[in-house]
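1. Next come a sequence and a model predicted from it.
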Amino acid sequence: MSLFEPDALASEPSDAKRPLAERMRPVTLDEFVGQEHILGPGKPLRAQIDRDELSSLILWGPPGSGKTTLAKLIARLTRCDFIPFSAVLSGIKEIKTVMAEAERNRRLGRRTVIFVDEIHRFNKAQQDAFLPYVERGDIILIGATTENPSFEVNSALLSRAKVHALRALTEDEIVTLLERALPVLRVTAEPDLLRQIAIYANGDARSAYNVLELAAAASTGGMLTQQAIEDSLQRKMLLYDKSGEEHYNLISALHKSIRSSDADASLYWLARMLESGEDRLYIARRLVRMAIEDIGLADPRAIEQAIAAMQTVHFLGTPEGDLALGQLAIYLAIAPKSDASYVALNKAAEAVQTRRAEPVPYHLRNAVTGAMRQWGYGQGYQHAHNFENALTDMECLPESLAGTRFYEPTNRGMEQKIAERLEMLRRRKAGEPPVA
């Protein structure tokens, strides 16, 4: 059999023994779900396909986003021979063999799409082996990668291929795919169950199809059951709607547990959210807020830890990033608590909203011209560094608010030291002697 036998996907029967993900591959672009930013009407890749003006390209995206499916569709719609290549299994010898036949086919008027899965696994020499054939037009190279091609694909090859970034599928898009697959598996399912599979799939259509196929095989009576899905996942499935009440109940429970310094409860509610498929960056954002609102200056490092954990989640993804969220939840739970800065800002905002906006006192204004100095700008200003402990008796609030205290620190954690310094400042302004 020739390596260049046209893709047989269209002629293969719907074989129940083939994986569901393979059986569900679309045969037209209209059936392709997702990636509207490159395949929608008038978008660049769609326009290339419609005009049959295909050039070499790199499909960069997460697992299960449709890279292989899209490559096969492109070859079919542009009437090209489709040759899949594995960067894991193939070497330079195999590349040269295929390229030689591709060159002969070009002379016969036949075009060849070489699809290289995991192209980032090819070393420099292997990637360079494609260059002359791409340049001469012997092949149309379509590479697929989950890694940033700027780092993993040779610059020479990258300059000859257009990079298209694919996005992880949304839950709605995966639900659409699962709904299409139900008749193929001859089962029905409640929308909530399909939604839960979509949540667990985390944007990976292949993963969603695998779960559905296993669960359908384990279900009886043609009806998909929650137990069958749990058995397929080998884990308990927590019904959870990210936009519904349970979403807000769980984040509220996590927040209040951390505020109450209950590390064990904090970990439990965090685990509930993680196991339910909650967006990790959403959790990280809420933990950052807790570090500010409930810990604040009692432990200023809490916000540093929170930002570091958020960046770790973004950098590592799941499941490794989940460890950072767990560590942060414990840190925040056991940290000293203070909402003094949160309350202080609210008090200051209330004063701004309810009182007249007085002009800035003259001694706080910069005298940038001679005329300003004559008008009194900057007169009476006390430069703090010239005073003991950098404390002055100068009033910095407008006259009507003089002496107002918005910030009342607690005696917990670092705020105890802050309270001591504020007391020194109060005594200085009141003309009282410092505490011995």
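-> Received, thanks. Residues are numbered from 1 along each chain as shown.
2. could I have the strand or helix carrying residue 273 exported to PDB, CA atoms only?
-> Remark: residue 273 resides in helix 263-275, with elements defined by DSSP states H and E. Listed in PDB are the C-alpha atoms of helix 263-275, where the atom choice follows Å, rounded to 0.1, in the frame of the first residue of the first chain:
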ATOM      1  CA  ALA A 263      -7.100  25.500  58.000                       C
ATOM      2  CA  ASP A 264      -8.800  22.100  57.800                       C
ATOM      3  CA  ALA A 265     -12.100  23.500  56.800                       C
ATOM      4  CA  SER A 266     -10.400  25.800  54.300                       C
ATOM      5  CA  LEU A 267      -8.700  22.800  52.700                       C
ATOM      6  CA  TYR A 268     -11.900  20.800  52.500                       C
ATOM      7  CA  TRP A 269     -13.900  23.600  50.800                       C
ATOM      8  CA  LEU A 270     -10.900  24.300  48.500                       C
ATOM      9  CA  ALA A 271     -10.800  20.500  47.600                       C
ATOM     10  CA  ARG A 272     -14.500  20.600  46.900                       C
ATOM     11  CA  MET A 273     -14.100  23.400  44.400                       C
ATOM     12  CA  LEU A 274     -11.000  21.800  42.800                       C
ATOM     13  CA  GLU A 275     -12.700  18.400  42.400                       C
END
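3. In terms of secondary structure, what does the helix or strand following it contact?
-> Tracing the chain past helix 263-275, the next element assigned as helix or strand by DSSP H and E is helix 280-290. Judged by 3 or more C-beta pairs under 8 Å, 6 or more residues apart in numbering; DSSP states H and E, helix 280-290 is in contact with helix 245-259, helix 263-275, helix 301-316, helix 320-334. Bear in mind the C-beta positions are built from the backbone N, C-alpha and C, glycine included.
4. hmm, who's touching the helix or strand hosting residue 353?
-> The secondary structure element spanning residue 353 is helix 340-354 (assigned by DSSP H and E). Contacts of helix 340-354 with the rest of the structure, by C-beta atoms under 8 Å, 6 or more residues apart in numbering, involve 292-294, 296-298, 401, 404, 406-410, 415.
5. What is the helix-or-strand element of the chain with minimal mean pLDDT packed up against?
-> Taking mean pLDDT, DSSP states H and E as the measure, the helices and strands of the chain show their lowest mean at helix 92-107, namely a mean of 75. Contact here means 3+ C-beta pairs under 8 Å, 6+ apart; on that basis helix 92-107 packs against strand 81-86, strand 112-117, helix 124-128, helix 131-136.
6. and the angle from it to strand 81-86?
-> 170 degrees (axes from the mean of the first three to the mean of the last three C-alpha atoms, to 10 degrees).
7. re earlier: quick one: mean pLDDT for the helix holding residue 353?
-> Rounded to a whole number, the mean pLDDT of helix 340-354 is 92.
8. hang on, the earlier thing: need the helices and strands packed on helix 92-107 in TSV with mean neighbour count and mean pLDDT, can you?
-> Conversion of the helices and strands packed on helix 92-107 to TSV gives the following (neighbours: other C-beta atoms under 10 Å; pLDDT from 0 to 100):
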stretch	mean neighbour count	mean pLDDT
strand 81-86	19	80
strand 112-117	24	86
helix 124-128	15	80
helix 131-136	15	81
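9. Out of these, which is closest to residue 255?
-> Taking C-beta to C-beta as the criterion, strand 112-117 is the member of those that comes nearest to residue 255, at 43.7 Å.
10. Test my guess that residue 196 contacts residue 229.
-> Yes. In this structure residue 196 lies within contact range of residue 229 using C-beta atoms under 8 Å: 6.9 Å.
11. low-confidence ranges in the stretch 251-400 of the chain?
-> By pLDDT under 70, the stretch 251-400 of the chain contains no weakly predicted segment.
12. 90 instead?
-> Filtered on pLDDT under 90, the stretch 251-400 of the chain yields the residue ranges 272-280, 314-320, 354-358, 367-368, 370, 373, 387-393, 395, 399-400.
13. most surrounded residue in the contacts of helix 340-354?
-> residue 296 (27 neighbours; other C-beta atoms under 10 Å).
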